[in-house]
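*Asks:* Kindly return the folded structure for what I paste below:
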Amino acid sequence: MDINFNKNEDHNKLLLSDLKRQYAKVKLGGGEKRIEKLHQQGKLTARERIDYLLDVDAKTIEIGAFVGDGMYEEHGGCPSGGVVVKIGYIQGKQCIVVANDATVKAGAWFPITAKKNLRAQEIAMENRLPIIYLVDSAGVYLPLQDEIFPDKEHFGRIFRNNALMSSMGITQIAAVMGSCVAGGAYLPIMSDEALIVDKTGSIFLAGSYLVKAAIGENIDNETLGGATTHCEISGVTDYKSKDDKDALDTIKNIIGKIGDYTKAGYNRVKSVKPALDPNDIYGILPKARTEQYDMMEIIKRLVDESDFEEYKAGYGQSIITGYARIDGWAVGIVANQRKVVKTKKGEMQFGGVIYSDSADKATRFIANCNQKKIPLVFVQDVTGFMVGSKSEHGGIIKDGAKMVNAVSNSVVPKFTVIVGNSYGAGNYAMCGKAYDPRLIFAWPSAELAVMGGSQAAKVLLQIEASSLKAKGEEITAEKETEMFNKIKARYDKQVSPYYAASRLWTDAIIDPLDTRTWISMGIEAADHAPIERQFNLGVIQV
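*Replies:* Here you go, the predicted structure:
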């Protein structure tokens, strides 16, 4: 091992250590005092409920753990968006579980909470996965009601999705384990089956105080909408549970009796570990996002037996394409090559840049994977498309458009892992969030932005300096340096993987060694949903 390998390893393991530290903080939700208060009420926390529900020792992945990170600070923060979402197994069946975190503002819905819930439903609908809601929420967070109430992707969309999933035959089960008020009361009742926990669960459109104010009726919340009321009088709920664990045991029993699903039929054989040590990834991935490295060395540490069948190896070398297996699943990989390569024509191609020939190759490969029904894995470390007169005259826009077209129209499931840069149109062509990857996740080394921090800061500096000069201000070298550093610091914060994860531009930030698990569980989920349309590129410039 050379000195650079050791430096890279130290840097990436520090990033991983920071990830684990931040995740440990997020897992506390609203804090230890609020967790203790919940326990005193005889209730489990959202994470404890999910852990009890899911099969012991089975693999899980968490969606949106860092959602809300650094947001809503003036409102006291919203760790994990006030809701925990995990994909795991119940009685051996893969499911997605959504649990309100009552330690965060009593489980109230912030705008990002709605976005995260909609993402969970999107995953359930795309993959036809059973979805379980563990409800414990005070409803919409009123100080921000204008950002969550009336729009297409706001709170009401959730109930629309409930109805759609029911018509699609996707199992939905809801357990009311705390408050369930106002519009939120429709979610469990629009599910296939609803449970309610005695004495702690309640469902009503308006609580006792509002009922008193509205119609003058005196009534307590338990009589108004408790478990006995809804199981024995209104018939709103189907099961009355004595406590949280009793409700969760009932859900296990229901899920355990669900019939098998119609499979999409993606190819899988027995899983084999990579022949090369995945731990080497920490030393291969450079400390600086501008440094070159061989992406093939990363790929070989992610795929079964480190065996990769490269497609068009000598053509369009700034993108690597080829077939492999991950945890036994057949996959087609499209990855940005990060080292400088020399073409047969003697030309140099820069690492991380998409050239016309690379885009052309990727388009053809994506089409091949669609024809063969092979899921696609995009490995991003991209700075964008090549610019300049030679590229423009060579039709880079046309070739880039073909690649974007192929990604957009792909009917096989797509998965995106961002290992480094994810800049500009490169993010789009390599299946960024806008292109519907079934899962999109980042390593701690990832950066997402229109362009890199230094380049963006220089552009913004020029604009700001010109504006100040137009007003008659003198810009000294010291002032220019100060302005540059200030702009870059602001921009660097925005390119952080945590900034992206907090806004759900990615589903997670993960340890690189968990990549195989995410892709494998993602393809297993996708296998629940047979492909229902043909791959068609439509009209493209050839």
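*Asks:* what about the closest residue to residue 502 other than its chain neighbours, neighbour count?
*Replies:* Closest residue to residue 502 apart from its sequence neighbours, by Cβ to Cβ, 6 or more residues apart in numbering: residue 69 at 3.8 Å. All C-beta atoms are positioned from the backbone trio N, CA, C, and that covers glycine. Residue 69 has 23 neighbours, counted by other Cβ atoms under 10 Å.
*Asks:* Residue 69 in helix, strand or coil?
*Replies:* Under DSSP: H, G, I helix; E, B strand; the rest coil, the three-state class of residue 69 is coil.
*Asks:* which other residues reach the helix of greatest length in the chain?
*Replies:* Ranked by residue count under DSSP state H, the longest helix found in the chain is helix 3-26. Contact partners of helix 3-26, identified using Cβ atoms under 8 Å, 6 or more residues apart in numbering, comprise 65-66, 69, 79-80, 281-287, 444-445, 498, 509, 511-512.
*Asks:* distance of the residue nearest to residue 502 from residue 332?
*Replies:* 33 Å (Cβ to Cβ, to the nearest Å).
*Asks:* Would you map the helices across the stretch 251-400 of the chain?
*Replies:* Assigned helices in the stretch 251-400 of the chain, in chain order: 281-284, 295-299, 356-372, 389-393, 396-409 (criterion: DSSP state H, counting those that start in this stretch).
*Asks:* Kindly report the same for the stretch 51-200 of the chain.
*Replies:* Applying DSSP H, counting those that start in this stretch to the stretch 51-200 of the chain gives helices spanning 111-127, 156-168, 186-189.
*Asks:* what helices or strands is the shortest one leaning on?
*Replies:* In other words, helix 186-189. Secondary-structure packing of helix 186-189 (3 or more Cβ pairs under 8 Å, 6 or more residues apart in numbering; DSSP states H and E): strand 131-137, helix 156-168, strand 172-181.
*Asks:* For that helix, list the C-alpha coordinates in PDB.
*Replies:* Extracted as PDB, the C-alpha positions of helix 186-189 are listed here (Å, rounded to 0.1, in the frame of the first residue of the first chain):
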ATOM      1  CA  TYR A 186     -58.200   9.200   7.300                       C
ATOM      2  CA  LEU A 187     -54.900   7.400   6.800                       C
ATOM      3  CA  PRO A 188     -55.600   4.400   9.000                       C
ATOM      4  CA  ILE A 189     -59.200   4.100   7.900                       C
END
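*Asks:* pLDDT at residue 1, what is it?
*Replies:* Confidence at residue 1, expressed as pLDDT, is 57.
*Asks:* Check the one 3 residues further on too.
*Replies:* Looking at residue 4, its pLDDT reads 93.
*Asks:* Burial check on it, number of neighbours?
*Replies:* Neighbour number of residue 4 under other Cβ under 10 Å is 14.
*Asks:* How much space separates it from residue 10?
*Replies:* Distance from residue 4 to residue 10, by Cβ to Cβ: 11 Å.
*Asks:* Let's see the distance spanning stretch 79-99 from one end to the other.
*Replies:* 13 Å (Cα to Cα, to the nearest Å).
*Asks:* Residue 298 contacts residue 417, doesn't it?
*Replies:* No. Contact between residue 298 and residue 417 fails when scored by Cβ atoms under 8 Å: they sit 9.8 Å apart.
*Asks:* Columns mean pLDDT on top of the helices of the stretch 251-400 of the chain, output as TSV?
*Replies:* Formatted as TSV, the helices of the stretch 251-400 of the chain follow (pLDDT from 0 to 100):
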stretch	mean pLDDT
helix 281-284	98
helix 295-299	98
helix 356-372	96
helix 389-393	81
helix 396-409	93
